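Asks: compute the structure for the input listed below.
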Amino acid sequence: MQIRTGYVYHIKDEFFNKINDKGLMINHENGRTRPTYFTIKDKDILWFIPISSKVFKYRPIVDKKVKKYGSCKSIMICKIASKDSVVLLQNAFPTLEKYIDQFIQKMEFLLG
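Replies: Next comes the predicted model:
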């Protein structure tokens, strides 16, 4: 599978079991594969950035950071596939291609 920037993937449980880092988002929620990860390929490094649909949870955090610092560079709220979504830059992590479970789709961002 060719991993490409701008596409969304799921990560295998094997990665989370091996890393066993409580700081990473859980891989399953309510019987579904979650979260979805937006991918950036930088030379030979694959970066995976979690995407959440829980805008209601993150909007107050973003607002608080903007009020305190003038901007928020760790969490981005934008439209992805016509839905408000949260891109959790603060939770990005690198991994290897062998831990990619499945390709979901190419994502188009509408920043607002």
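Asks: which stretches in the chain count as helices?
Replies: Using DSSP state H, the helices of the chain run over 13-19, 55-69.
Asks: which parts of the last one are buried?
Replies: Counting neighbours by 16 or more other C-beta atoms under 10 Å, one finds that the buried residues in helix 55-69 are 58, 62. Any C-beta I mention is one placed from the backbone N, CA and C, and that applies to glycine too.
Asks: average pLDDT for it, rounded please.
Replies: Mean pLDDT, helix 55-69: 96.
Asks: residues touching it, excluding its own?
Replies: Contact with helix 55-69 is made by 52, 71-72, 74-75, 77, 84-86, 88, as judged by C-beta atoms under 8 Å, 6 or more residues apart in numbering.
Asks: switch to 7 Å and redo it
Replies: Helix 55-69 is contacted from outside by 52, 72, 75, 77, 84, 86, using C-beta atoms under 7 Å, 6 or more residues apart in numbering.
Asks: put the alpha carbons of it into CSV.
Replies: Once non-C-alpha atoms are left out, helix 55-69 reads as follows in CSV (Å, rounded to 0.1, in the frame of the first residue of the first chain):
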residue,chain,number,x,y,z
VAL,A,55,-16.1,19.7,18.0
PHE,A,56,-18.3,20.4,21.1
LYS,A,57,-15.5,19.1,23.3
TYR,A,58,-12.6,20.9,21.7
ARG,A,59,-14.1,24.3,20.7
PRO,A,60,-13.9,25.6,24.4
ILE,A,61,-10.3,24.5,24.6
VAL,A,62,-9.4,26.3,21.3
ASP,A,63,-11.3,29.4,22.5
LYS,A,64,-9.4,29.4,25.8
LYS,A,65,-6.1,29.1,24.1
VAL,A,66,-7.0,31.9,21.6
LYS,A,67,-8.0,34.1,24.5
LYS,A,68,-4.8,33.4,26.4
TYR,A,69,-2.2,33.3,23.6
